[in-house]
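Chemist: The following comprises the amino acid sequence and a computationally predicted model.
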Amino acid sequence: MKWLSTRRALALMIAPALAVYSLYFAYPIVYSLYQSFTNAQAFGSTTLVGAKNYTQMVHDTLFWGSLRNTGIILLVALVILLPGAFFLAHLLSGHVRGGGALRAMIFAPNVIAPILIGLIWVFILDPHIGLVNSLLRTLGVAHPPVWIGGTSLSPWSIGVVYTWQTVGFIMTIFYAGIRMLPHDVMEAASLDGATGWQRLRYVTVPMLQETFGITTVLVVTGVFKIFELVFQLTGGGPVHLSETLVSYTYWMTFSNQKYGYGMALAVVISLLGVVVTVAQMAFMRRRRAS
Amino acid sequence: MNNQRRRWGYAHPRGAAVALAALTALGLAACGSGSSGAASSTAGGKVQITLSMQNPNVQQQDPATYAIVQAFQKANPDITVKIEGQTVDEHEKAMQVAAQSGTLPDIFWVYNSLASQMAQQGKLLDLGPVLQEGNLTDKFPKAMLSGYTSNGTQYGVPYQSLVTGLYVNTSILQKYGLSEPKTFDELLNVAQVLSKNGVTTIAQGASKSAYSVWAFLTMLDRFGYEDKYQDVLSGKASYNNADFLRLYQHIEQLAKAGAFSKSVSTQTYVQAVEEFTSGNAAMLDSGVWAAGDIQKSSVAASTKFWAGPTFSDGVGDQNLYMNAPSAPLVVSAEVKKSAAKLDAVKKFMAFYYGDSGQQILVDNAQTPVTTYKPQVDASTQPVFASVLSVLQQDGWHSPAAQPDLVVSAETSSAMYDSIYGVIQGVYSPSQALDVVQKTIH
């Protein structure tokens, strides 16, 4: 079996996957990068325009608005989604009656297509026909907030809906992580007189650092990919004020047929995703080291 | 073993996470939506041609085209027409991808801005000889064909006539003691009265249908758009000019008077139609394609079609209605590679634009695109008859094209945003005009 460990054998075994990866992942990425330096449109000749698309982005108020909206959704996800998912997992990892059913219920939104989730939440958040504002009006609120379709609250609402949609999935990862924790450590902590809160603070959370790292990366990349929720909840409106980076890129590329600029936006989104992820991982590593 | 792992770079969690972030974002952006492509064949002795349209359910949403296809297949049993459809946005994107990958359907609907680019790249069949062979050229009013030519080739034919304006529920106006408006000042008065009574004057839906501003595009022509737009596009004039500014200020007046649907930001065009057909709005910004749905609704008897308000401070002739060629039907250049398929396409064109096809259009509440004189029963098609009566007014005429169809996709998109921006109170009139001007290079 030694031949299996030779470089040649390993290279041969990797080759098919590498070929598929190159064709379907690496090539589109390199091609997108090239397109981002051109004035490519739907059709017609394409010429290199240098960094023009990137300098145009600096002056593009809609791009900055989309970035701001994506940042708001990320903030909501990091502040509500991650802690919320962890505490749900922690609560349900104990001997809770009907815990399995509760986990299934919390996970359920994750198996619904995002486009349908958007549709469901339109009926909840619409400022005029939505359930929330109908309730608020019944309670005597004369001018309830414009959750979606207005000029300010839409990204916050999208963040909340994204949290509702994703919390079950992230909770499941935390749940698996908690269940994998060694019982003897917990027992030792209990025998040493640690309270529930102390066990959580000084044993569970530190031992789940890797899990926190993975879930954070999933949340960050997930937020940078949000499209269907925006499309269904607000259509990016009014007049693109609630676009996220991906929905704005989609609109610019396909509706406006500005492929070159759209690809430049895609490159920037990718870089932002990488930067945020690297920063987060560095932060986690530093915490582990300390 | 450890050495070997290091040498071959076994997945490191941090590296994998970073790669995941990069790949998901760029991979998503790089991959366009797939096109259904041209699924045509000549199997089993039958020729199959593909017709790809801008409605997901052609039978339900575009009954005129569906009925023409059924009648054509009955008249030509050796030809099968495979109908495909998706929403306007999805369809446009799918056609872009299909053109780039060489998988265009045989016959398809597409916006003119994209069609003209496809024609320049040789993706479309020159329909000039097809029309001449079928003696169809003379059946079209010149304006119906002239917008679809490029370098001497006729790359498209009008799918349907673009007759747009406002449907008016006269019973709502009567209920509040209002008469049918003719001028902008009268329309503004209607909006003020209805708004006080909690009634929507004009049903509009901006969500996922930013293009649904047809009545306001005709109003642009009442402020001299047709004479100005070429100067605007060439840089000799600005879209932000005093004439257009007056129109946008009027739109703002309507918005401030509470004329538009309360849910204009979150409702779609389809929901706006429902708002009107359920009797909750006095007017609907739409076109002849909605006549069928309105005729089936409870407001049919009291609905009249209106070309929109005239303006005392407008520019040029105010007696305008919109009856311009809509987006074209085009044919893939690949069709000429198969004689059987080309023949089938010729027969389909001859049927669609022949008198039989045009009467089917009329039977389904669409105005003919040829010079065919339609026969309409006003008792069974009252709303459609009202549309036709507007087009038959003495002294009234149509611009050659709808304003958004003579500019780039980017500029037309900005025009929609500018109008809806003012309607929703996001832009001031001057800001809205700048939004459009910025797209003109």
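Modeler: Looks like it arrived, so ask away.

Chemist: low-confidence ranges in the stretch 1-150 of chain B?
Modeler: Residues of the stretch 1-150 of chain B meeting the criterion pLDDT under 70: B:1-44.

Chemist: ditto for the stretch 151-300 of chain B
Modeler: Across the stretch 151-300 of chain B, nothing is flagged by pLDDT under 70.

Chemist: Would you pull up the residue in it closest to chain A?
Modeler: B:Ser265 (3.2 Å; Cβ to the nearest Cβ). Every C-beta, even on glycine, is put in place using the N, C-alpha and C of the backbone.

Chemist: how many neighbours does that residue have?
Modeler: 32 (other Cβ atoms under 10 Å in any protein chain shown).

Chemist: contacting residues for it?
Modeler: A:148-150, A:234, A:237-238, B:206-207, B:424 (Cβ atoms under 8 Å, 6 or more residues apart in numbering or on different chains).

Chemist: now with 6 Å?
Modeler: A:149, A:237-238, B:206, B:424 (Cβ atoms under 6 Å, 6 or more residues apart in numbering or on different chains).

Chemist: How about B:Ser386?
Modeler: Contact analysis of B:Ser386 by Cβ under 6 Å, 6+ apart lists B:304-305.

Chemist: That one sits in which helix or strand?
Modeler: Using DSSP states H and E, B:Ser386 maps to helix B:382-391.

Chemist: could you give the mean pLDDT of that helix?
Modeler: Mean pLDDT, helix B:382-391: 93.

Chemist: what about the spatially closest residue to A:Gly50 that is not a sequence neighbour, how many neighbours?
Modeler: Leaving out its chain neighbours, the residue that sits closest to A:Gly50 by Cβ to Cβ, 6 or more residues apart in numbering or on different chains is A:Phe37, at 6.4 Å. Using other Cβ under 10 Å, A:Phe37 has 20 other residues around it.

Chemist: Export whatever helix or strand comes next after the helix holding B:Ser386 to PDB, keeping only CA atoms.
Modeler: As assigned by DSSP H and E, the chain's next helix or strand after helix B:382-391 is helix B:409-423. Extracted as PDB, the C-alpha positions of helix B:409-423 are listed here (Å, rounded to 0.1, in the frame of the first residue of the first chain):
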ATOM      1  CA  ALA B 409     -31.300  49.600 -20.100                       C
ATOM      2  CA  GLU B 410     -29.500  51.600 -17.500                       C
ATOM      3  CA  THR B 411     -31.200  54.800 -18.400                       C
ATOM      4  CA  SER B 412     -34.600  53.300 -18.700                       C
ATOM      5  CA  SER B 413     -34.100  51.700 -15.300                       C
ATOM      6  CA  ALA B 414     -33.100  55.200 -13.900                       C
ATOM      7  CA  MET B 415     -36.200  56.700 -15.500                       C
ATOM      8  CA  TYR B 416     -38.400  54.200 -13.600                       C
ATOM      9  CA  ASP B 417     -36.500  54.900 -10.400                       C
ATOM     10  CA  SER B 418     -36.800  58.600 -10.900                       C
ATOM     11  CA  ILE B 419     -40.600  58.500 -11.200                       C
ATOM     12  CA  TYR B 420     -41.100  56.000  -8.400                       C
ATOM     13  CA  GLY B 421     -38.600  58.000  -6.300                       C
ATOM     14  CA  VAL B 422     -40.800  61.100  -6.400                       C
ATOM     15  CA  ILE B 423     -44.000  59.000  -6.000                       C
END
